[in-house]
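# Structure for this input, please:
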Amino acid sequence: MNHQAAKLEALVSQNRKATSKKTRFIAITSGKGGVGKSTISSNMAHVMAKYGLKVGIFDADIGLANLDVMFNVKIQKNILHVLKGEASVSEILVPIENNLVLIPGESGEEIFKYASGGLFERFMDEAEVLDDLDVMIIDTGAGIGEHIQLFLRACDDVIVVTVPDPAAITDAYATIKVTARLRDEINVIMNQVRSSKEAEGLFEKINKVAQANIGGALRLNYLGQVSSDPKISSSVKKRALFARDFPTAVPTQELEMIVKRIARKLERNVLVDPKESGLGGLFKRLMEHF
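Below you'll find the predicted structure:
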């Protein structure tokens, strides 16, 4: 294990000392499709789980849900079946590996159509099976749709993924601008870059424009980069995770650095009411903003 990985594992071990912690909800979004958002989400979940965090990943990409493809698993039922009373929460969960579970999602509008009255209360009770999660990653859709904003508002952290393409940068800025109405802090990951210099330069341009035109209390955080590498596209084609297939590759090491930065925030999690944990905690937040 390299030094970087050892430090990350030590940091995660410190986080696990508490017996009951609030789940950290992390939304991963993008301005446009095709920038590798789901690839980042799935591989990030794997890295977190590898170092001992209990992770749930919720597929909230309406109409384009593809985490089952990323993880190479088959989905039988999803969250909507639970809300309709056609399945229990435990029945829809798809174990991916140790410490990592996939929660198949459905259209935001459909979710809230059924998330009311007795059905929602029963769902909340059943969702306790996920109350021990340290992190729940929400893989949202691309763009600035109303249902996407709902998830962005409910989460503790928002990460915008973009690539060094003019159209993608423009759309990422539009996402940041809309999200800035909901929260003061937004994180950015530069994907498919050729070098750290290119990634940092593009982030500084985005940050400069954001500060000049959005201003206020907005704080953009640069979480890091994931370099362009043929190993990534090779893994995606095989329906495999590049971070698992190529643990020593540069993109994997970069992703581990990003996870390390996120893990520092987990250190600040404190003991809370169980209602703030797991899948039930996420939907409690969503309903408050709906």
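# From here on, just use CA atoms for contacts and neighbour counts.
Noted.
# Next, the distance between the ends of stretch 76-92.
Terminal residues of stretch 76-92 are spaced 7 Å apart (CA to CA, to the nearest Å).
# nope, stretch 141-150 is what I was after
End to end - CA to CA - stretch 141-150 spans 11 Å.
# starting at the chain centroid, how far to that stretch?
Mean-position distance between stretch 141-150 and its chain equals 14 Å (CA atoms, centre = their mean, to the nearest Å).
# before we move on, what about stretch 209-223?
Per CA atoms, centre = their mean, the centroid offset for stretch 209-223 relative to its chain is 21 Å.
# Equivalent analysis for stretch 227-242, please.
19 Å.
# go on, stretch 235-244?
18 Å.
# buried stuff in it?
235-236, 239-243 (16 or more other CA atoms under 10 Å).
# Geometrically speaking, which residue is the centre of the protein?
Ile137 (3.2 Å; CA atoms, centre = their mean).
# which residues touch that residue?
Contact partners of Ile137, counting by CA atoms under 8 Å, 6 or more residues apart in numbering, are 25-28, 41, 45, 55-58.
# So it belongs to a strand, correct?
Yes. Counting by DSSP: H, G, I helix; E, B strand; the rest coil, one finds Ile137 located in a strand.
# Quick check: of the contacts of Ile137, which lies closest to Ser227?
Taking CA to CA as the measure, Ser227 sits nearest to Ser41 out of these, at 15.3 Å.
# Settle this for me: that closest one is touching Ile26, isn't it.
No. With contact defined as CA atoms under 8 Å, Ser41 does not reach Ile26; the gap is 9.8 Å.
# between these two, who's got more neighbours?
A direct count of neighbours by other CA atoms under 10 Å for Ser41 and Ile26 places Ser41 higher, at 25 against 22.
# Let's verify the more buried one: helix, strand, or coil?
With three-state DSSP as the criterion, Ser41 reads helix.
# Tell me the pLDDT of it.
Each residue has a pLDDT score; the one for Ser41 is 95.
# Contact partners for it?
Counting by CA under 8 Å, 6+ apart, Ser41 has contacts 28, 137, 139.
# mind redoing it with 6 Å?
Contacts here follow CA atoms under 6 Å, 6 or more residues apart in numbering; on that basis Ser41 touches nothing.
# Now go through the contacts of Ile137 and say which are in helices.
Judged by DSSP state H, the contacts of Ile137 include 41, 45 as members of helices.
# Please identify which pair of the contacts of Ile137 lies farthest apart.
Ile28 and Val55 (14.3 Å).
# Filter the contacts of Ile137 down to the ones in strands?
25-28, 55-58 (DSSP state E).
# Pick the one among these closest to Glu86.
Using CA to CA, these come closest to Glu86 at Phe58, 18.9 Å.
# Now do the closest one, the pLDDT please.
88.
# go on, Lys260?
For Lys260, the model assigns a pLDDT of 91.
# Return the set of buried residues in the helix or strand where it lies.
Assigned by DSSP states H and E, Lys260 falls within helix 250-266. Residues 250-253, 255-260, 262-263, 266 are the ones in helix 250-266 that count as buried (16+ other CA under 10 Å).
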